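Student: take this sequence and fold it.
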Amino acid sequence: MTTFPISGVETFWWLPVVVMFVISSLTSTGGVSGAFLLLPFQMSVLGFTGPAVSPTNLLYNVVATPGGIYGYMRERRMLWPLAGVLIAGVVPGGFIGALARIYLLPDPGAFKLFVAIVLAFIGARLLLNAFAKTAPVEPAQRRNYEIRGMKIDVKRISFEFQGRRHQVSVLPIFLLSFVVGIVGAAYGIGGGAIIAPFLVSVLGVPVYVVAGPALATTFTSSVAGVLAYTVYSAAGFAHGVPLHPDWPLGLLFGLGGALGTYAGSRLQKFVPARAIKLLLVAAIAVVVVKYVLEFAGV
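Tutor: Model prediction:
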């Protein structure tokens, strides 16, 4: 058994690796990060409920996401102007979100209710996505996912994808990412699972274009969140309560997540995406009901 210093968690060193390998193998096939399920595991199974659980969750993203970002860059599927605007919003939002976690949600019960609300949104999004009808894609288009002609000015981002020119406004994207940065840092997720459906359903960005910038945003906001919690901890904002990540625990989670994400990309072709998403929705529903009942004292 290994005792992790910041969290006080006592468990086998290999358990975080195995758990996140399994979780991320499933969640990556559904197109989402495993961080949203990692936090309930840390709180309800490992008993890690202090403020440091959020940056430990963010550390998972820091380790687990770079491989996916590199993949999108190699395939020229990274819409850098969109990623830049999203990052510009989530970074300052992350520093504010860390303060919100410290001062507004220090109580484990209140924090679990906050987690239940965020999970309910993600679960609803997954449920809708599982039954959404997708338009047929022509074979010629299926072979070309490269993003071309990227341009940005103070008002809009434009780009060409699969023979069509697309434009999106900068201001709503920046405001969305700022709010998501606050929520993501307080919870301990990068925010890509919240940003992506808004970009697709409201702003009309093609789903294949959203994935790369959302992943880059998750990585950057997670780095900002870890930095914010570490700085606030060094400054004594929580009066001696640790705020920085439990580094060994977070790195082990990240290692399992990186391996699981790769495995999930291989597994996806053999398992129906709808089945995976419905399984994730069921898991989320159990956690949401549990945390709401705990908050209500039932």
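Student: isn't G188 right next to A52, touching?
Tutor: No: applying C-beta atoms under 8 Å as the test, G188 and A52 come out as separate, 9.9 Å apart. (Each C-beta comes from the backbone N, C-alpha and C, glycine too.)
Student: more crowded one of the two?
Tutor: G188 (32 against 26; other C-beta atoms under 10 Å).
Student: the bottom helix or strand of the chain by mean pLDDT?
Tutor: None of the helices or strands of the chain scores lower by mean pLDDT, DSSP states H and E than helix 139-142, at a mean of 48.
Student: any idea which helix or strand carries I157?
Tutor: strand 156-161 (DSSP states H and E).
Student: if I read this right, L255 contacts V63, doesn't it?
Tutor: Yes: applying C-beta under 8 Å, one finds L255 in contact with V63, separated by 6.5 Å.
Student: which one of those two has more residues nearby?
Tutor: For L255 versus V63, the count of surrounding residues by other C-beta under 10 Å is larger for V63: 20 against 17.
Student: not counting sequence-adjacent ones, nearest residue to that one?
Tutor: G254 (2.4 Å; C-beta to C-beta, 6 or more residues apart in numbering).
Student: tell me how many other residues crowd I117.
Tutor: Residues near I117, counting by other C-beta under 10 Å: 14.
Student: distance of it from Y291?
Tutor: Applying C-beta to C-beta, to the nearest Å, the value for I117 to Y291 is 9 Å.
Student: check which helices and strands whatever helix or strand F178 lives in sits against.
Tutor: F178 belongs to helix 170-187 when assigned by DSSP H and E. Helices and strands touching helix 170-187, by 3 or more C-beta pairs under 8 Å, 6 or more residues apart in numbering; DSSP states H and E, are helix 53-64, helix 80-103, helix 108-130, strand 156-161, helix 192-201, helix 207-234.
Student: so the residue nearest to V63 touches Y60, yeah?
Tutor: Yes: assessed by C-beta under 8 Å, G254 is found in contact with Y60 at 4.8 Å.
Student: quick one, phi/psi of L104?
Tutor: phi -100, psi -20 (degrees, to the nearest 10).
Student: hang on, the earlier thing: looking at G254 and Y60, which has the bigger crowd around it?
Tutor: Y60 (35 against 25).
Student: and the nearest residue to that one once chain neighbours are set aside, which helix or strand is it part of?
Tutor: Leaving aside its sequence neighbours, Y60 sits nearest to F253 (C-beta to C-beta, 6+ apart; 4.3 Å). F253 is part of helix 247-267 when elements are defined by DSSP H and E.
Student: buried residues in that helix?
Tutor: By 16 or more other C-beta atoms under 10 Å, the buried positions in helix 247-267 come out as 247-264.
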